[in-house]
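Chemist: requesting a structural model of the entry that follows:
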Amino acid sequence: MKESQPTNEAGAIPGRPGSEPPSLAEPTEPRGPLPPKSDQRGPEPYTPTGRRADVPRTAMAQSEPYLTTALGTRLPDTDHSLKAGPRGPVLLRDHHLREKITHFDHERIPERVVHARGAAAHGVFRSYGTAASVTKAAFLTKDAETPVFVRFSTVLGSRGSSDTVRDTRGFATKFYTSEGVFDLVGNNIPVFFIQDAIKFPDVIHAGKPHPDREIPQAQSAHDTFWDFVSLHTEATHHTLWNMSDRGIPRSYRTMEGFGVHTFRLVDSEGGTVLVKFHWKPKAGVHSLVWEEAQLINGMDPDFHRRDLADAIESGAYPEWELGIQVFPDTPEQTFEGIDLLDPTKIVPEELAPVQPIGLLTLDANPVNFFAETEQVAFHVGHLVPGIDVTDDPLLAGRLFSYLDTQITRLGGPNFAQLPINRTHAPVNDMLRDGMHQTAVHVGAAPYRPNSLDGGCPFVAGQREGGYVEVPVQVPSALRVREAPASFDDHFSQPRLFWLSLSPVEREHVIAAYTFELGKVYEQAIKERTLAVLAEIDPYLCEQVATGLGLPAPKAPEPLPSVEPSPALSQVGKTWPTTGRIIGIIADGNGDLDAVGSVRQAILDGGMVPLVIAPAGGVLENGGESVTVQRTFATARSVEFDALLVAGVPAPGADAYGARDAKAGDTVGAVDPRVLLMLAEAYRHGKPIGGWDGATEALALAAIPLGAPGVLSGDRGDEVLGGIVELLGQHRVWERFPAAAPPN
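Modeler: Numbering: from 1, shown residues only. You can find the predicted model right below:
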């Protein structure tokens with residue numbers, strides 16, 4: 001009997017929990033710990049002082065086959081406390097009990113105030129060398145390869161919140177360069193809510209759950225958020241991005257990243273330019289529709305972290321190009337009238353193209369979530385020669401806040417010595433002692449100047465690779481608590497963003513504002529927000545007002561004339577299909593040879609096929625067999641980028657409401673859960689195809705044959721070809737009629 005499911009690791013379906021399959025019975029023969037899975041990689045073995053350790057990566061993992069105490073004493077039992085007789089009291093002298101419970105009591109460290117929920121991966125950054133003309137940073141020289149660790153996150157929710165909430169996402173990259181660690185700590189939105197870091201506690205307090213009920217979690221659809229952003233109108237630009245599809249990305253793999261701030265690059269001759277950093281996903285920018293996000297939050301709250309880990313495990317490595325927008329470093333620090341120190345402003349790519357400077361590839365999952373993803377510590381002050389900061393007032397506050405935060409979260413000043421944070425450059429810092437000190441320093445003189453340690457350490461000038469801040473001229477000025485006049489424009493760039501969106505994307509913005517404000521209790525906050533929207537666009541304001549049942553106010557002044565930036569729209573481009581997930585709906589009555597062939601073709605195309613059947617196990621028919629990955633009970637359309645139907649999927653044995661509410665109470669020729677999946681995929685704009693009589697299932701799902709993105713044919717491979725072509729556009733956008741006017 002031919003088995004269609006590949007057994008080799010390269011073709012295996014991701015999600016296997018361990019590196020070896022478990023035995024049915026409890027193992028009793030002692031053996032060492034299993035190695036990590038092939039998709040996993042721990043931190044590189046460096047000492048706390050930045051020396052490469054000549055040991056394998058697994059040297060920091062456990063190695064003893066027998067259970068021991070924290071200091072290596074083997075233990076005969078860990079199931080029973082030491083007692084005075086089998087029924088007697090537990091004895092205080094039980095050192096194993098006390099060690100085990102005490103450590104358990106202290107396993108959790110304080111979660112991040114923001115960006116608490118995240119996922120991360122290891123990778124490599126390969127420089128194109130195109131930035132070498134504007135910076136002396138060693139990791140940006142031609143063909144330089146730098147290990148990286150990247151953490152993605154949501155901003156508002158706790159560690160236990162859901163992945164697909166409407167929120168800003170963090171995109172933080174730790175470069176382990178030969179000159180020290182460089183942290184590029186950005187977001188998936190290029191602007192921020194505030195212009196000055198002194199407002200950061202305010203915006204986060206407003207966005208977090210209400211302090212009395214701790215409700216709602218991980219979302220902005222509540223009074224305090226809208227109260228703040230409607231009064232503090234410099235938040236308008238970021239808020240509009242959040243209400244767009246950018247606020248609910250399809251995956252981390254299809255998410256742009258931005259450094260937000262303007263940085264200064266320094267070349268080997270001391271010349272400087274100003275830049276903004278961009279991460280461009282090779283898979284394209286793609287988002288969820290709102291109903292998908294809502295379904296996923298209930299069905300799979302770990303959707304984004306699972307997608308990232310599964311993609312890496314299946315070999316569909318996520319990739320981003322790092323690019324820079326380059327501006328002259330003038331005393332005014334402006335470009336085309338845009339203040340480069342204002343973090344609520346962008347520079348349209350049509351004015352300053354993004355120049356690619358390197359490729360980031362994530363190719364390994366962490367071995368231990370806590371040790372790596374949770375303990376990684378980013379800081380915008382982790383800089384290397386060739387990269388300097390500017391006087392952006394939000395960036396200035398971050399330079400203090402990040403360091404202060406890590407000391408609190410990670411128990412002291414030695415967080416840089418945790419394996420995931422260790423630099424790959426030699427360290428001699430004169431920093432001593434403190435909680436969790438794991439370096440064993442030598443010498444008698446942790447100060448300078450000294451003679452007892454032979455004068456070591458010595459300072460390094462530019463010639464020796466020292467980090468020297470650019471000597472920028474500071475103009476004579478009064479000491480004031482003010483912002484420059486150029487920071488006062490809060491509406492022209494939100495209007496630019498709105499006018500740059502396609503009609504369907506504008507409809508999504510209208511729906512997002514209507515939904516979020518519909519959750520607001522206080523009428524005055526709704527009315528105030530409508531007044532803000534009137535300053536962006538009258539149609540946007542009118543449509544949201546209609547949804548709220550309120551009159552639409554007029555803008556007090558004529559709206560600014562702006563030039564749209566097509567680069568800001570997610571619609572209208574074509575992208576690679578690597579890593580896309582295609583569901584194949586089948587049962588044991590169809591042509592399994594065709595199912596197996598289509599499945600293999602999907603794998604060969606760098607995508608992930610998941611077979612969905614009435615029950616788990618293996619489908620068998622006429623000597624053919626196909627392994628099942630999902631069932632009609634466990635699958636939902638939101639997991640897939642496209643759906644294929646092989647034949648007419650008959651109802652499963654559990655297709656009744658008491659067993660699975662999705663099945664309802666009416667069962668016909670096709671399983672009702674299949675019809676639900678198809679109907680959802682159709683209204684979410686996903687490509688759908690079928691063969692071998694699948695048109696019957698499509699008709700029962702009320703999907704018009706011949707509708708945009710609905711394909712049928714006699715052969716599965718022909719249908720798949722059309723589906724893959726459609727996947728390059730992310731969605732079948734023609735299915736979304738839009739009332740919002742074009743430009």
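
Chemist: every contact and neighbour count from this point should use C-alpha atoms.
Modeler: Fine.

Chemist: with just CA atoms, put stretch 197-208 into PDB.
Modeler: Once non-C-alpha atoms are left out, stretch 197-208 reads as follows in PDB (Å, rounded to 0.1, in the frame of the first residue of the first chain):
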ATOM      1  CA  ALA A 197       8.700  60.000  26.100                       C
ATOM      2  CA  ILE A 198       7.200  61.800  29.100                       C
ATOM      3  CA  LYS A 199       3.800  60.900  27.700                       C
ATOM      4  CA  PHE A 200       4.600  57.100  27.500                       C
ATOM      5  CA  PRO A 201       3.100  56.200  30.900                       C
ATOM      6  CA  ASP A 202      -0.100  58.100  29.900                       C
ATOM      7  CA  VAL A 203      -0.700  56.400  26.600                       C
ATOM      8  CA  ILE A 204       0.000  52.900  28.100                       C
ATOM      9  CA  HIS A 205      -2.200  53.600  31.100                       C
ATOM     10  CA  ALA A 206      -4.900  54.700  28.800                       C
ATOM     11  CA  GLY A 207      -4.600  51.600  26.500                       C
ATOM     12  CA  LYS A 208      -4.300  49.100  29.300                       C
END
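
Chemist: got the buried residues for that stretch?
Modeler: 197, 200, 203-204, 206-208 (16 or more other CA atoms under 10 Å).

Chemist: list of residues touching that stretch?
Modeler: Residues from elsewhere that reach stretch 197-208 (CA atoms under 8 Å, 6 or more residues apart in numbering): 114, 156-157, 193-194, 216-220, 224-225, 227-228, 393-398.

Chemist: 6 Å instead, please
Modeler: For stretch 197-208, contacts defined as CA atoms under 6 Å, 6 or more residues apart in numbering pick out 156, 220, 224-225, 394, 397.

Chemist: under the pLDDT cut-off, which ranges of the stretch 501-650 of the chain? List them.
Modeler: Nowhere does the stretch 501-650 of the chain drop to pLDDT under 70.

Chemist: out of the contacts of stretch 197-208, which are inside helices?
Modeler: When DSSP state H is applied, the contacts of stretch 197-208 are split such that 224-225, 394, 397 fall in helices.

Chemist: now list the buried members of the residues you listed.
Modeler: In terms of neighbour count (16+ other CA under 10 Å), the buried residues within these are 224-225, 394.

Chemist: what's the closest of those to residue 580?
Modeler: When these are compared for distance to residue 580 (CA to CA), residue 225 wins out at 35.1 Å.

Chemist: distance of that closest one from residue 157?
Modeler: With distances defined as CA to CA, to the nearest Å, the gap from residue 225 to residue 157 amounts to 14 Å.

Chemist: and residue 560, by the same measure?
Modeler: Between residue 560 and residue 157 the distance, using CA to CA, works out to 36 Å.

Chemist: now the two most distant members of the ones in helices among the contacts of stretch 197-208.
Modeler: Checked with CA to CA, the ones in helices among the contacts of stretch 197-208 reach their widest spread between 224 and 397, with 23.4 Å between them.

Chemist: closest to residue 482 out of the buried residues of stretch 197-208?
Modeler: If you rank the buried residues of stretch 197-208 by distance to residue 482 using CA to CA, residue 197 comes first, at 12.9 Å.

Chemist: got the phi and psi for the closest one?
Modeler: As for residue 197, its main-chain torsions (degrees, to the nearest 10) stand at phi -60, psi -20.

Chemist: okay, it: pLDDT?
Modeler: In the prediction, the pLDDT value recorded for residue 197 is 93.

Chemist: do you know how far it is from residue 188?
Modeler: 19 Å.

Chemist: same question for residue 227.
Modeler: According to CA to CA, residue 227 stands 24 Å off from residue 188.

Chemist: more neighbours: these two, which one.
Modeler: For residue 227 and residue 188, the more surrounded residue by other CA atoms under 10 Å is residue 188, and the numbers stand at 28 against 19.
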